[in-house]
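Engineer: The sequence and its predicted three-dimensional model are supplied below.
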Amino acid sequence: MTDAFVSRLARMAVTLAIVSVTGFLLLHLAPGDPLAQFALSPGMTATQLGSMRHQMGLDAALPLQYLRWLGALLTGDWGRSFRDHQPVLTIILGHLGATLELAGTAALLAIWTGAAAGLYGAFRQGSRADHLITIASIILLSIPTFWFGLVFISLFSVRLGWLPSGNIHTVGAPFSPADYLKHLILPATVLALASAATWSRYTRNAVADVLGQDFIRTARAKGLSPRKIRSRHVLRNALLPMITLAGLQFPTLLSGALVTETVFTWPGIGRLFLDSLEYRDYPVAMGILMFSAVLATAGSIVTDALYTVADPRLRQARP
Amino acid sequence: MNTVRRLLKIRTASAGLVLVALLALACVLVPPLLPRGPLQIDLHHRFLPPLSGIHPLGTDEIGRDILARLLAGARTSLLIGLSAMALSTVTGCITGGLTGFYGGWTRIILMRLVDAVLCFPTIFLLLTLASFGQPGAVTIIGIVSLVAWMEVSRVVDGQIRALRDREFIVAVEAMGASATHMLLREFLPNIAGAIVVVSTLNVARAILMEAYVSYLGNGIQPPQPSLGNMLNDAQEYLRPDPWLAILPGIVIAIAVIGLNFIGDGLRTALDPRQSNASGSRR
């Protein structure tokens, strides 16, 4: 177990290293200057800009800048934002909560509705309901999430006035769970739509595959009730591909949240990333990139661990 | 053509073909017939709803004809989608072909690189790459291709490795066939199906990615219409005119749904084990 684990960690480290180098190069080589916003201040002289540039370390050679950043990161220092000098990790963690709440709620909604729909379709393969569910899933996956966002806002906020059109809480009002929920429903639903469609298709195909297997025929021939077949055999075996999907969907949660956060002005990581790109706030942008890369690789490790729990065939044999 | 016949039997695929064909034809044939162009401003007739006189789908916030803009945007999207697909398919085939065939260190390095890049959420990657070029169609084609070629490469690599040890390949190799011959005359015809499927789905993805990037402001810039930037503009005007938001989405849906149906249908039609009965055994 340890051997595999160590090699896994090594691969993860290599991947993260490549991610950090690629991200660093992309950010620094792109046109645009983090000091551009300061250059516009009245009274800013070239000398002052030069000393600011030196303070930020931007006048050093690119490899040196990267090594400095990496060295700091490895000691736990994620750097400070170019815009307000706040520690990057603090900024990210401050915005992370909002995104996790949004993405988490959306994920729960998506898994429940998607898996249910997929199961329904799989047990009725070839029927009208199955076809309809498959087609509905493809349609949902083909439409950009921000369109749903705009249409829902138009319907529920503008037309009907039932729900707020954005933000995480009503400005000026004291915090209340009801108010928060009202603000959460629309963005979470919009974010959940595409994910639910993916879950639906995946579950349907995974369960359909299992249902076609010989051991299911054996179970039926033995006389097991459909309910027992479902709970004891089908679901357990369909669990593996579903765990794969959960692992794959994890990083997508963050990226999907970015657009939804933009539509609903939800104060999360996605919007933070957009802003940091626009202002060339390299430390924050790199911080978010590394953060999501770590989450993605951690997700795949957890997924693999869950595999061994779910499928005894994958457990390493004791010597 | 057995595959084409099987494809047409799948109703969703036929529907998809019809949708995409109609859209493509409309983009080309309808604009010359319209009284107003996509850039013509008419401040006396702003926010007209659909079916208003000479404007079949109404006008936008500065009086431009929506139908004209939608068709222009659709044409841009389709062109971007096809170009990105072509670029990513060629790149992916070449890289996937080489890594699948030769294997070894090049393959390991490439797969590591692809894994690393795929760690980034797609939209993060697109936005970061978008800052490299001037916002516009060419940049979008570039960045979408950069993101899409990896999947093609993986598919081709996987397919080649699966076929590598088959008898007919071993036989041809024993007869002294060159790598070029093997890749082009032996492997390619057998993996063409998988490539076509992933390419079709890539066109759909490309159109969606263009919409996302343009919506966020890093793609096609106004006043040139793009389905994505039209949705961005529409957000301010949800109260006076929700149609501005609804219509571009419908066009995107038509294009992407059609292409996804076709891609899915192709996947089913090309699978030699699939038959129509749902109880078919593997």
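Structural biologist: Done, it's in.
Engineer: what about residue 19, how many residues close to it?
Structural biologist: You didn't pick a chain, so chain A it is. Applying the criterion other C-beta atoms under 10 Å in any protein chain shown, we find 23 residues in the vicinity of residue A:19. From N, CA and C alone the C-beta is placed, and that goes for glycine too.
Engineer: not what I meant, chain B
Structural biologist: Using other C-beta under 10 Å, residue B:19 is surrounded by 19 other residues.
Engineer: Show the model's pLDDT score for the residue nearest to residue A:159 when sequence neighbours are not counted.
Structural biologist: By the measure of C-beta to C-beta, 6 or more residues apart in numbering or on different chains, the closest residue to residue A:159 outside its immediate chain neighbours is residue B:242, 7.7 Å from it. Residue B:242 carries a pLDDT score of 87 in this model.
Engineer: got a list of what residue B:242 touches?
Structural biologist: By C-beta atoms under 8 Å, 6 or more residues apart in numbering or on different chains, residue B:242 lies in contact with A:151, A:154, A:158, A:159.
Engineer: Quick check, the first one in contact with residue B:245.
Structural biologist: So that's residue A:151. Yes - Residue A:151 is in contact with residue B:245 according to C-beta atoms under 8 Å; the separation is 6.5 Å.
Engineer: any low-confidence regions in the stretch 101-250 of chain A?
Structural biologist: For the stretch 101-250 of chain A, applying pLDDT under 70 flags no range at all.
Engineer: Which strands or helices does the longest helix seen in chain B pack on?
Structural biologist: When chain B is scanned for its longest helix (criterion: DSSP state H), the result is helix B:66-102. Counting contacts by 3 or more C-beta pairs under 8 Å, 6 or more residues apart in numbering or on different chains; DSSP states H and E, helix B:66-102 is packed against helix B:11-29, helix B:104-119, helix B:137-163, helix B:188-215, helix B:227-236, helix B:243-270.
Engineer: Report the mean confidence score over the helix or strand harbouring residue B:127.
Structural biologist: Using DSSP states H and E, residue B:127 sits in helix B:122-130. Averaged across helix B:122-130, the pLDDT comes to 82.
Engineer: Buried residues, it. List them.
Structural biologist: Within helix B:122-130, the residues that count as buried by 16 or more other C-beta atoms under 10 Å in any protein chain shown are B:122, B:123, B:124, B:125, B:126, B:127, B:128, B:129, B:130.
Engineer: how many other residues sit next to residue 144?
Structural biologist: Picked chain A for this. The number of residues packed around residue A:144, counting by other C-beta under 10 Å, is 24.
Engineer: The intended chain is chain B.
Structural biologist: Applying other C-beta under 10 Å, we find 29 residues neighbouring residue B:144.
Engineer: and it, how far is that from chain A?
Structural biologist: Counting by C-beta to the nearest C-beta, to the nearest Å, the gap between residue B:144 and chain A amounts to 14 Å.
Engineer: Tell me, how many residues neighbour residue B:102?
Structural biologist: For residue B:102, the count of nearby residues is 12 (other C-beta under 10 Å).
Engineer: For it, which residues are in contact?
Structural biologist: With contacts defined as C-beta under 8 Å, 6+ apart, residue B:102 has no neighbours.
Engineer: Next: the one 10 residues further on.
Structural biologist: Contact partners of residue B:112, counting by C-beta under 8 Å, 6+ apart, are A:14, A:15, A:18.
Engineer: Now secondary structure too, for those residues, in CSV please.
Structural biologist: Compiled in CSV, the contacts of residue B:112 are given as follows (DSSP: H, G, I helix; E, B strand; the rest coil):
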residue, secondary structure
A:14, helix
A:15, helix
A:18, helix
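Engineer: quick one: which of the residues you listed is nearest residue A:266?
Structural biologist: residue A:15 (29.4 Å; C-beta to C-beta).
Engineer: With the flanking residues excluded, which residue is spatially nearest to that closest one?
Structural biologist: residue B:116 (4.9 Å).
Engineer: re the thing from before, make a ChimeraX selection of the buried ones in the contacts of residue B:112.
Structural biologist: A single ChimeraX command is used to select the members of the contacts of residue B:112 judged buried by 16+ other C-beta under 10 Å:
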select /A:15,18
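Engineer: List buried residues within the contacts of residue B:242.
Structural biologist: Buried subset of these (neighbour count, 16+ other C-beta under 10 Å): A:151, A:154.
Engineer: Just the ones of the contacts of residue B:242 in helices?
Structural biologist: Members of these lying in helices (criterion: DSSP H): residue A:151.
Engineer: picking up where we left off before, what's the angle between the longest helix of chain B and helix B:243-270?
Structural biologist: An angle of 30 degrees separates the directions of helix B:66-102 and helix B:243-270 when computed by axes from the mean of the first three to the mean of the last three C-alpha atoms, to 10 degrees.
Engineer: Please compute how far stretch A:86-100 lies from its chain's middle.
Structural biologist: Taking the mean C-alpha point of stretch A:86-100 and that of its whole chain, the gap between them comes to 15 Å (C-alpha atoms, centre = their mean, to the nearest Å).
Engineer: got the contact list for it?
Structural biologist: For stretch A:86-100, the surrounding residues in contact (C-beta under 8 Å, 6+ apart) are A:78-81, A:168, A:254, A:257, A:261, A:266-272, A:283-284, A:287-288, A:291.
Engineer: ok, now stretch A:117-127?
Structural biologist: Residues beyond stretch A:117-127 that count as contacts (C-beta under 8 Å, 6+ apart) turn out to be A:129-130, A:133-134, A:137, A:196, A:199-208, A:211, A:230, B:278.
Engineer: what do you get for stretch B:6-18?
Structural biologist: Surrounding stretch B:6-18, the residues in contact under the criterion C-beta under 8 Å, 6+ apart are A:135, A:138, B:257-262, B:264-266, B:268-269.
Engineer: show me the contacts for the residue nearest to residue B:115 when sequence neighbours are not counted.
Structural biologist: Sequence neighbours aside, residue A:15 is the residue nearest to residue B:115 in space, at 5.6 Å (criterion: C-beta to C-beta, 6+ apart). For residue A:15, the set of contacting residues under the criterion of C-beta under 8 Å, 6+ apart consists of A:293, A:297, B:112, B:115, B:116, B:119.
Engineer: The residue nearest to residue A:15 contacts residue A:23, correct?
Structural biologist: No - Residue B:116 sits out of contact with residue A:23 when judged by C-beta under 8 Å, with a separation of 9.5 Å.
Engineer: Mind listing the shared neighbours of these two?
Structural biologist: Common neighbours of residue B:116 and residue A:23 are listed as residue A:293 (criterion: C-beta under 8 Å, 6+ apart).
Engineer: ok, back up a step: kindly give a single ChimeraX line that selects the buried subset of the contacts of residue A:15.
Structural biologist: Command for ChimeraX, covering only those of the contacts of residue A:15 found buried under the criterion 16+ other C-beta under 10 Å:
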select /A:293,297 /B:115,116,119
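Engineer: Of all pairs in the contacts of residue A:15, which one spans the longest distance?
Structural biologist: Checked with C-beta to C-beta, the contacts of residue A:15 reach their widest spread between A:293 and B:112, with 13.4 Å between them.
Engineer: mind listing what's buried in the helix or strand hosting residue A:300?
Structural biologist: Secondary structure from DSSP H and E places residue A:300 in helix A:282-310. For helix A:282-310, the neighbour count (16+ other C-beta under 10 Å) marks A:282-293, A:295-297, A:299-300, A:303-304, A:306-307 as buried.
Engineer: average model confidence for that helix?
Structural biologist: For helix A:282-310, the per-residue pLDDT values average out at 82.
Engineer: That helix near chain B at all?
Structural biologist: Yes - judged by C-beta under 8 Å from any C-beta of the partner chain, helix A:282-310 and chain B are in contact via A:285, A:288, A:289, A:292, A:293, A:296, A:297.
Engineer: Let's have those in TSV, adding distance to residue B:84.
Structural biologist: Conversion of the residues of helix A:282-310 next to chain B to TSV gives the following (distance: C-beta to C-beta, whole Å):
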residue	distance to residue B:84
A:285	25
A:288	26
A:289	23
A:292	24
A:293	25
A:296	24
A:297	28
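Engineer: of the residues you listed, closest to residue A:116?
Structural biologist: Within the set of the residues of helix A:282-310 next to chain B, residue A:296 lies nearest residue A:116; the separation is 27.1 Å, counting by C-beta to C-beta.
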